[in-house]
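Q: need the 3D shape of this:
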Amino acid sequence: MTIKQLHYFIAVAETRSFTHAARNYFIAQTAMSQQISALEKELGYRLFHRTNRSVELTEAGQVLFNQLRPLVLKLEDAVPVSYTHL
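A: Numbers count the residues shown, from 1 in each chain. Below is the predicted model of the structure:
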């Protein structure tokens, strides 16, 4: 699990779209999907219900989002990160 994956997870959860989240990070939608899939595989559970038209958090995804978002925001305040320069 990487900080980048956690940022991507939060972005997808907030936008409810892999496409919009990917645009926000200037990456391809497939790269965003791959990162989220890798995170789900590592955690051992699905974070999102995916359909052709929507993305919604699973119950486990909602719990993770509620716990992670404040921590990641604090981390950003302490150490600003720009993925456009990586």
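
Q: where along the protein do the strands fall?
A: Remark: strands assigned in the chain by DSSP state E are 48-50, 55-57.

Q: and residue 10, which of those strands is closest to it?
A: strand 55-57 (10.8 Å; CB to CB). (Each C-beta comes from the backbone N, C-alpha and C, glycine too.)

Q: out of the strands of the chain, flag the one nearest residue 76.
A: strand 55-57 (20.8 Å).

Q: any low-confidence regions in the protein?
A: Counting by pLDDT under 70, the chain contains low-confidence ranges at 80-86.

Q: that one: helices as residue ranges?
A: 3-15, 18-24, 29-43, 59-78 (DSSP state H).

Q: residues of the last one that come out buried?
A: By 16 or more other CB atoms under 10 Å, the buried positions in helix 59-78 come out as 61, 64, 65, 68.

Q: go ahead and measure how far that helix is from the middle of the chain.
A: Averaging C-alpha positions (CA atoms, centre = their mean, to the nearest Å) puts helix 59-78 10 Å from its chain's average.

Q: list just the nearest of the buried residues of helix 59-78 to residue 54.
A: residue 61 (13.5 Å).

Q: quick check: closest non-adjacent residue to the closest one.
A: residue 47 (3.7 Å; CB to CB, 6 or more residues apart in numbering).

Q: could I get the buried residues of helix 59-78 as CSV with distance to residue 13?
A: Listed next are the buried residues of helix 59-78 as CSV, based on distance: CB to CB, whole Å:
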residue, distance to residue 13
61, 7
64, 9
65, 5
68, 9
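
Q: ok, which of the strands of the chain comes nearest residue 11?
A: Between residue 11 and the strands of the chain, the tightest spacing by CB to CB is seen for strand 55-57, at 11.1 Å.

Q: that closest one pairs with which strands, parallel or anti?
A: Partners of strand 55-57 in the sheet, by DSSP bridges, are strand 48-50 (antiparallel).

Q: buried stuff in the strand it pairs with?
A: residue 48.

Q: same question, stretch 11-26
A: For stretch 11-26, by 16+ other CB under 10 Å, it's 11, 12, 13, 17, 18, 21, 22, 24, 25.

Q: try stretch 52-61
A: Applying 16+ other CB under 10 Å to stretch 52-61 flags 55, 57, 61 as buried.
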